[in-house]
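Peer 1: Structure for the following, please:
(one chain, ligands or ions: 1)
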Amino acid sequence: MEIIITSDPATASQEAARFLAALIRKKPVAVLGLATGSTPVPLYRELIRMHREEGLDFSGCTSFNLDEYVGLGADHPASYRRFMQENLFSSINLPAARIHIPDGLTQDIPAHCAAYEKSIAESGGIDAQVLGIGSDGHVGFNEPTSSLASRTRIKTLTQRTRSDNAHFFASENDVPHHVITMGIGTIMEARAVLLLAFGENKADAVAGAVEGPITASNPASILQMHPTVKLYLDEKSASKLARRDYYRWVFENKPDWQRD
Ligand code: GLP
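Peer 2: Residues are numbered from 1 along each chain as shown. Got it, this is the predicted structure:
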């Protein structure tokens, strides 16, 4: 795991955007795994800036989002389909036909999930998966105790996640209980994983994921088994890492050839 500790979310997001931009420039048909929540918003803003000012071209790319709330369609203000449209897709040139987000209104969830997995595989697999992390260590909507081998499927949210995400809704009661999410097994097949975490509320989850045991009780801890993971943190989310001085030293002293 590469742990990148920066002073603030904006700097961390610029670093992550640089990695994605380098990937897209090297592989114009890159397959991007995308995430929602407040965390990736500054990353998306930076990608939009790079598109406008530096000609970063998404026209050959494909995207797969991690998850969606069951029962919410594109017209619902808190749906992830709407979130992605507003925070990224409306401002870049990623072709609509190659944007994939689980359909919260599907009538056949198991068939839809199987088809989602199939289309990820048919696209050649995800080159880089962007992740946030829940305060309980969830990635996508894979709540604690999710199978570490899981595939895209329905999940039931914990009360903690429903309250954490209530600010996107009119009230906590409006947060759906069910979601469709890529599985942990699906996420682990991405060729690179970029996990962003900001703020004190994420410090325990980050410390558990990086320095704790690999356990389904902190789903992000499985990333210890992935060969290419980058964690972009701010001081607050990194505050409970016992080895943070070591991670800082490693990043500041990387050989030039290792920089993206
Ligand atoms: C939701 C999303 C996750 C995200 C998490 C954290 O549960 N499904 O992908 O990582 O929220 O959200 P935030 O970035 O708003 O803290």
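Peer 1: what's the closest non-adjacent residue to residue 247?
Peer 2: Among residues not flanking residue 247 along the chain, residue 3 sits closest, at 3.7 Å (CB to CB, 6 or more residues apart in numbering). Placement of C-beta: from N, CA and C, glycine included.
Peer 1: how about the residues of the stretch 101-250 of the chain near the ligand?
Peer 2: Residues of the stretch 101-250 of the chain lying near the ligand by CB under 6 Å from any ligand atom: 132, 133, 134, 140, 141, 161, 165.
Peer 1: and with 5 Å instead?
Peer 2: 132, 134, 141 (CB under 5 Å from any ligand atom).
Peer 1: nearest to the ligand, of these?
Peer 2: residue 132 (2.5 Å; CB to the nearest ligand atom).
Peer 1: so who does that closest one touch?
Peer 2: Under the criterion of CB atoms under 8 Å, 6 or more residues apart in numbering, the neighbours of residue 132 are 35, 36, 37, 38, 39, 40, 139, 195, 196, 197.
Peer 1: Could you list the low-pLDDT ranges of this structure?
Peer 2: Flagging of the chain using pLDDT under 70 yields the residue ranges 260.
Peer 1: Kindly recompute the last result at 90.
Peer 2: In the predicted model, the chain carries pLDDT under 90 at residues 256-260.
Peer 1: what about the residue nearest to residue 33 when sequence neighbours are not counted, which SS state?
Peer 2: Spatially, and ignoring its direct neighbours in sequence, residue 33 is nearest to residue 129 (3.3 Å; CB to CB, 6+ apart). Secondary structure state of residue 129, per DSSP: H, G, I helix; E, B strand; the rest coil, is strand.
Peer 1: Write down the beta-bridge partners of residue 129, one by one.
Peer 2: On the basis of DSSP bridges, residue 129 is bridged to residue 33, residue 193.
Peer 1: Same check on residue 153?
Peer 2: With DSSP bridges as the rule, residue 153 is bridged to residue 181.
Peer 1: State the distance from it to the ligand.
Peer 2: 14 Å (CB to the nearest ligand atom, to the nearest Å).
Peer 1: re the thing from before, ok, the residue nearest to residue 33 touching residue 184?
Peer 2: No: counting by CB atoms under 8 Å, residue 129 does not reach residue 184; the two are 11.4 Å apart.
Peer 1: neighbour count winner among the two?
Peer 2: residue 129 (27 against 22; other CB atoms under 10 Å).
Peer 1: Who are the packing partners of the helix ranked longest in the chain?
Peer 2: Longest helix in the chain, counting residues (DSSP state H): helix 9-26. Helix 9-26 is packed against strand 2-6, helix 41-54, strand 128-131, strand 192-197, strand 229-234, with contacts defined by 3 or more CB pairs under 8 Å, 6 or more residues apart in numbering; DSSP states H and E.
Peer 1: That helix near the ligand anywhere?
Peer 2: No: judged by CB under 5 Å from any ligand atom, helix 9-26 stays clear of the ligand, getting no closer than 10.3 Å.
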